[in-house]
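Student: Sequence plus predicted model, see below.
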Amino acid sequence: MSVSDGRDAAGREGLNRPHDTAPLVVAEAVEMSFAPRGILARGRPVRAVAGVDASVARGEALGVVGESGSGKSTLGRLMLGLLAATGGTVRFDGTPLPRPGSAAWRGLRARMGIVFQDPFGSLDARRSVGAQVEDGLAIHTTLSAAERRARLEAMFLRVGLDPERLGAYPHEFSGGQRQRLGIARALATNPDFLVADEPVSALDVSIQAQVVRLLADLRRDLGLAMLFISHDLPVVRHLCDRVIVMYLGRVMEEGPVADVFARPSHPYTRALLSATPMLDPARRLTREILPGEPPSPTAPPSGCVFRTRCRHAQPACAEEVPPLREFGGVAHRVACLRADEIN
Ligand SMILES: Nc1ncnc2c1ncn2[C@@H]1O[C@H](COP(=O)(O)OP(=O)(O)OP(=O)(O)O)[C@@H](O)[C@H]1O
């Protein structure tokens, strides 16, 4: 499979098809500030997510990209209700997500799954993998032991693992197989919504495409809504329908992957894409190296948070937080006051 052009080995069209069903998970102006931690915070809260709107429809995959520390994982945890937002709301199937850990939240938990970057770190070395995949079923469903066993075997087969190995331990599996276990565990309760947080970045390159293909197949077959967090832009291009580009807790640009990757319009997106050898060479952007480091989320810049690294910045950019506005296409939006001039 090629993950660079949205087609698989058989030349089928990629997965980037439009979805017109109602959103399943909707974050509105969601914010997350963490209490100060460590000396660098100097008593100031860490603003990890700052007023983000995001939604994922049934069967849709939304990619979330951006540098390390831009708030991607925090957004994912907010959309699963694993974290209680310090501002805004997250609705799941029309209902505001209950407080994490509450009985109401536990009631919804079976409908959501998460796959982590490090499958080994999230598995207990001392328990059989079958027992661990079964945990969610025991906690979140009323299935009998026999039904749970049948579900486990079916899940193992579905993710490409031999059900004979339900009694084996994590160290007996390769990295790719462990991520298949992580996927089986996330999907065992038959969720509607899956957050995949850098699910292939810890794997050997040779294994990554297999796991991406598995996620793509599962998403299609199970009609999953997926939030796919990744540094890997070609994989996002292949797997996702829409993408949001985050920087320092805010959305810089969003839209259908085809539009955003073909016509990146925010200076930050352009820099991010220019560093990625992925697109057809005719459209390749001149490599742009951003000066400096991202500012601390304990003291984000006023106005546009990207302005301190933006070569197009002007004094006005320090005054106003640029709203996301339509640019070039109905669903393609950019948060840059100067987008018209620089594109
Ligand atoms: N529990 C926490 N307490 C304090 N700060 C946190 C906490 N979790 C995340 N942060 C901070 O919030 C910011 C956003 O982190 P987050 O992990 O969401 O970013 P990310 O884009 O997913 O990064 P990465 O790609 O490295 O995983 C970072 O500055 C991080 O240090």
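Tutor: Received, thanks.
Student: contacting residues around the spatially most central residue of the chain?
Tutor: With distances taken as C-alpha atoms, centre = their mean, the residue of the chain nearest its centroid is residue 229 (2.5 Å). By C-beta atoms under 8 Å, 6 or more residues apart in numbering, the residues touching residue 229 are 63, 64, 72, 73, 75, 76, 195, 196, 197, 198. Where C-beta positions appear, they are placed from N, C-alpha and C, glycine not excepted.
Student: Helices - which of those residues land there?
Tutor: When these are checked against helices (DSSP state H), the matches are 72, 73, 75, 76.
Student: Switch the residues you listed over to JSON lines; also include neighbour count.
Tutor: Below are the ones in helices among the contacts of residue 229 laid out as JSON lines (neighbours: other C-beta atoms under 10 Å):
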{"residue": "72", "neighbour count": "25"}
{"residue": "73", "neighbour count": "20"}
{"residue": "75", "neighbour count": "30"}
{"residue": "76", "neighbour count": "21"}
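Student: near the ligand, which of the residues you listed show up?
Tutor: Restricting the ones in helices among the contacts of residue 229 to those touching the ligand (C-beta under 6 Å from any ligand atom) yields 72, 73.
Student: phi, psi of the residue nearest to the centre of the chain?
Tutor: Dihedral angles of residue 229 (phi, psi; degrees, to the nearest 10) stand at phi -100, psi 130.
Student: quick one: pLDDT of it?
Tutor: In this model, residue 229 is scored at 97, pLDDT.
Student: next one: the longest helix seen in the chain to chain centre, how far?
Tutor: Scanning the chain for the longest helix, with DSSP H as the assignment, gives helix 205-222. Computed by C-alpha atoms, centre = their mean, to the nearest Å, the chain-centroid distance of helix 205-222 equals 15 Å.
Student: Around the ligand, which positions in the chain sit nearby?
Tutor: Checking the chain against the ligand by C-beta under 6 Å from any ligand atom, the hits are 34, 37, 46, 48, 66, 68-74, 297.
Student: filter the residues you listed to the buried ones?
Tutor: Among these, those classed as buried by 16 or more other C-beta atoms under 10 Å are 34, 46, 48, 66, 69, 70, 71, 72, 73, 74, 297.
Student: Now do the helices in the stretch 101-250 of the chain.
Tutor: Residue ranges of the helices in the stretch 101-250 of the chain, as given by DSSP state H, counting those that start in this stretch, are 103-109, 129-140, 145-158, 175-187, 205-222, 233-239.
Student: Residues touching the fifth one, excluding its own?
Tutor: Contacting residues not belonging to helix 205-222 are listed as 1, 3, 8, 15, 59, 61, 115, 158-160, 174-176, 179-180, 183, 187, 190, 194, 196, 199-200, 203, 224, 226, 228, 232, 235, 238-239 [C-beta under 8 Å, 6+ apart].
Student: what is the mean pLDDT for stretch 31-38?
Tutor: 86.
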